[in-house]
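Peer 1: pasting the sequence and the predicted coordinates here, then a few questions.
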Amino acid sequence: MNEYYEIINETGDGSNKYTADILLKQKLSKDKISKICESLHKLKGKKCIFSHFSFYLPSQHPTTDDAWAVGIFNPHLQVELGLTITNEALLKKQINLAADDLGSWIDEIQEGATYTLKKEDSKFILAVNPSHSKGYRFCIVQDTKCKQLFENQFSEFGEMYFIDSEGNLQLYDQDGLIRTLKKIG
């Protein structure tokens with residue numbers, strides 16, 4: 001199984017709890033993630049009451065990003081995935097950029113959430129469509145010195161959005177980078 005992942009951090013006391021941060025080489029199916037969890041639980045956490053596995057994609061880091069997938073034994077295995085390859089392909093087919101849309105991005109952590117940047121009446125609007133709700137919109141302001149930087153002036157957390165050189169959307173708050181969203185299309 002090591003051809004698919006690398007354990008980058010692990011902790012455990014040998015009897016109660018075992019946790020591992022795992023870096024994947026690519027997105028895997030729920031079945032493969034389950035098999036990795038079962039294998040690691042047998043190997044490392046079989047005596048533990050609780051085992052927790054956080055899976056990260058190559059572009060993610062445990063100290064700054066939410067896990068793309070999570071596996072938990074408590075006492076039975078439960079696995080939750082972010083955006084799968086199949087769902088990502090379906091979402092890309094469904095999204096059609098309008099003439100006034102500046103770009104759209106997919107959040108791989110919150111399965112199916114999309115962000116679309118629009119220009120409406122000389123204002124920039126960021127429309128967020130989470131996978132399980134109707135979504136919301138808010139006005140953001142473009143920085144005069146850096147045209148790829150936008151700020152949510154109404155946020156108490158100092159939210160900022162930056163379009164990087166690859167066209168991906170980076171989400172920041174006052175503490176730094178939250179995560180990077182992949183450009184659609």
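Peer 2: Okay, I see it.
Peer 1: so which helix or strand takes in Ser39?
Peer 2: helix 30-44 (DSSP states H and E).
Peer 1: quick one: average pLDDT of that helix?
Peer 2: Across helix 30-44, pLDDT averages out at 89.
Peer 1: which strands and helices sit next to that helix?
Peer 2: strand 5-12, strand 17-24, strand 50-56, strand 69-73, strand 77-81 (3 or more CB pairs under 8 Å, 6 or more residues apart in numbering; DSSP states H and E). Any C-beta I mention is one placed from the backbone N, CA and C, and that applies to glycine too.
Peer 1: and the third one, which residues are buried?
Peer 2: Applying a neighbour-count criterion of 16 or more other CB atoms under 10 Å, the buried positions in strand 50-56 are 51-56.
Peer 1: rewinding a little: so which of the helices and strands packed on helix 30-44 comes closest to Thr180?
Peer 2: strand 50-56 (12.6 Å; CB to CB).
Peer 1: ok, the closest one: who's next to it in the sheet?
Peer 2: Taking DSSP bridges as the criterion, strand 50-56 forms sheet pairs with strand 17-24 (parallel), strand 69-73 (antiparallel).
Peer 1: let's have those strands in TSV, adding distance to Gln142 and mean neighbour count.
Peer 2: Shown next, in TSV, are the strands paired with strand 50-56 (distance: least, CB to CB, whole Å; neighbours: other CB atoms under 10 Å):
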stretch	distance to Gln142	mean neighbour count
strand 17-24	35	20
strand 69-73	35	21
